[in-house]
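For reference, the sequence and a predicted model appear below.
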Amino acid sequence: MITIAVDCMGGDHGPAVTLAACRSFLQHHEQAHLLLVGLPEALSVLHHPRARIVPASEVVGMDDPIEIALRKKKDSSMRVAIEQVKQGHAQAAVSAGNTGALMAIARYVLKTMDGIDRPAIATQMPNSQGGATTVLDLGANVDCSAVHLLQFAVMGSALVSVLTDEPNPTVGLLNIGEEVIKGNEVIKKASELLRSAANSGDLNFLGNVEGNDIFKGTADIVVCDGFVGNVTLKAVEGLASMIGGFLKQEFSRNIFTKFAAICAYPVLTSFKKRVDHRRYNGAALLGLRGLVFKSHGSADELAFENALNRAYDAARNHLLERVQARVTHAAPLLTFAGGTDENRA
């Protein structure tokens with residue numbers, strides 16, 4: 001039985017979406033148990049033998065400063081959900097709440113793994129191979145050192161090995177060109193470290209990749225800093241919305257554009273479905289001593305259920321242990337590269 005703690009109050013829609021998603025998730029997973037964390041009066045509408053309410057008296061708002069969420073709201077649904085993981089009552093926690101607050105609270109409550117300085121946010125993006133490319137970091141770390149990028153690659157490899165059963169997934173370093181001489185000093189140093197990791201058998205490093213390689217499926221994993229990753233993620237999310245808006249606009253014009261739109265409709269709708277970010281919702285916060293998954297704040301029922309699915313699969317396939325095993329194996333290289341325990345508290 002896999003138990004997941006759910007921050008039911010987080011996100012733009014709160015219980016209106018999270019409870020519906022929880023109900024559907026339980027119908028599809030007979031070996032799952034949910035801890036519904038939040039205001040009891042808001043959660044009592046969901047009755048299920050494999051769901052239990054865990055009270056929390058406060059809610060972290062989407063615009064709450066990190067300091068307020070971390071220091072003032074100590075009984076928030078977000079924090080209580082993460083504490084269920086720390087206390088061993090749940091194997092994973094899921095929240096659609098404030099990303100900065102979630103990372104700060106998870107890092108404070110769970111701490112980072114030995115050998116990891118900064119947790120990273122990782123998720124999948126669709127590619128032309130019919131699968132998905134895992135990209136990290138997606139916003140947790142705007143400024144990264146070369147060592148951090150190496151750590152992200154090690155953790156991302158563990159995640160993809162769980163998602164795909166591929167024991168040696170390929171890694172690419174996002175750059176402005178494939179050539180070794182391109183990029184800033186951080187990227188050049190990271191490339192050196194990743195090549196060393198490949199030589200020692202810790203990674204399957206392909207080399208530098210460009211932005212379009214994410215969607216070509218050139219590498220299973222693409223590593224970048226959080227600034228670039230977050231911009232890329234938002235661009236992908238906007239693509240499906242743009243296609244939907246295009247179809248709506250063309251159908252409202254004259255008879256000729258309507259005819260053209262009808263002809264193109266099957267192809268465009270299929271493409272829209274492929275790039276629908278709801279299908280890939282559920283980003284892993286890697287590097288923590290517990291499993292935490294971030295759902296998009298505006299997630300609907302389908303999207304939030306997919307976040308629950310990802311947390312369930314990660315727990316069932318022992319993602320935490322596999323990340324730690326890879327980090328431990330790479331420890332000599334990480335130490336040699338200058339890794340620190342700067343945030344362990």
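Perfect, I can see it now. Numbers count the residues shown, from 1 in each chain.

what's around Phe215, how many residues?
The burial count assigned to Phe215 is 17, neighbours taken as other C-beta atoms under 10 Å. In short, each C-beta sits where N, CA and C put it, glycine included.

I meant Gly131, not that one.
For Gly131, using other C-beta under 10 Å, the count is 13.

How about the contacts made by Ala106?
82, 93, 119, 285, 288, 290, 292 (C-beta atoms under 8 Å, 6 or more residues apart in numbering).

Can you give me the buried ones in the helix or strand hosting it?
Per DSSP states H and E, Ala106 falls inside helix 99-110. Using 16 or more other C-beta atoms under 10 Å as the test for burial, helix 99-110 gives 99-107, 109-110.

Output those in CSV, with distance to Leu150 appended to each entry.
CSV is the format used below for those (distance: C-beta to C-beta, whole Å):
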residue, distance to Leu150
Thr99, 23
Gly100, 24
Ala101, 27
Leu102, 24
Met103, 20
Ala104, 23
Ile105, 26
Ala106, 22
Arg107, 19
Val109, 26
Leu110, 22
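
Include distance to Ala331 and pLDDT when you put those into JSON lines, please.
Formatted as JSON lines, the buried residues of helix 99-110 follow (distance: C-beta to C-beta, whole Å; pLDDT from 0 to 100):
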{"residue": "Thr99", "distance to Ala331": "29", "pLDDT": "92"}
{"residue": "Gly100", "distance to Ala331": "29", "pLDDT": "93"}
{"residue": "Ala101", "distance to Ala331": "31", "pLDDT": "95"}
{"residue": "Leu102", "distance to Ala331": "27", "pLDDT": "96"}
{"residue": "Met103", "distance to Ala331": "24", "pLDDT": "95"}
{"residue": "Ala104", "distance to Ala331": "26", "pLDDT": "95"}
{"residue": "Ile105", "distance to Ala331": "27", "pLDDT": "97"}
{"residue": "Ala106", "distance to Ala331": "23", "pLDDT": "97"}
{"residue": "Arg107", "distance to Ala331": "20", "pLDDT": "96"}
{"residue": "Val109", "distance to Ala331": "24", "pLDDT": "97"}
{"residue": "Leu110", "distance to Ala331": "20", "pLDDT": "97"}
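
pLDDT weak spots in this structure?
Within the chain, the segments meeting pLDDT under 70 span 239-277, 336-345.

can you give me the strands in it?
Using DSSP state E, the strands of the chain run over residues 2-7, 32-38, 51-55, 92-95, 120-126, 132-136, 170-174, 204-209, 221-223, 283-286, 291-294.

With mean neighbour count and distance to Arg326 added, can I get the ones you listed in JSON lines?
Shown next, in JSON lines, are these (neighbours: other C-beta atoms under 10 Å; distance: least, C-beta to C-beta, whole Å):
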{"stretch": "strand 2-7", "mean neighbour count": "26", "distance to Arg326": "22"}
{"stretch": "strand 32-38", "mean neighbour count": "25", "distance to Arg326": "26"}
{"stretch": "strand 51-55", "mean neighbour count": "17", "distance to Arg326": "32"}
{"stretch": "strand 92-95", "mean neighbour count": "31", "distance to Arg326": "19"}
{"stretch": "strand 120-126", "mean neighbour count": "25", "distance to Arg326": "13"}
{"stretch": "strand 132-136", "mean neighbour count": "25", "distance to Arg326": "14"}
{"stretch": "strand 170-174", "mean neighbour count": "25", "distance to Arg326": "12"}
{"stretch": "strand 204-209", "mean neighbour count": "21", "distance to Arg326": "12"}
{"stretch": "strand 221-223", "mean neighbour count": "29", "distance to Arg326": "12"}
{"stretch": "strand 283-286", "mean neighbour count": "28", "distance to Arg326": "11"}
{"stretch": "strand 291-294", "mean neighbour count": "28", "distance to Arg326": "15"}
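
Right, I'll call it a day here.
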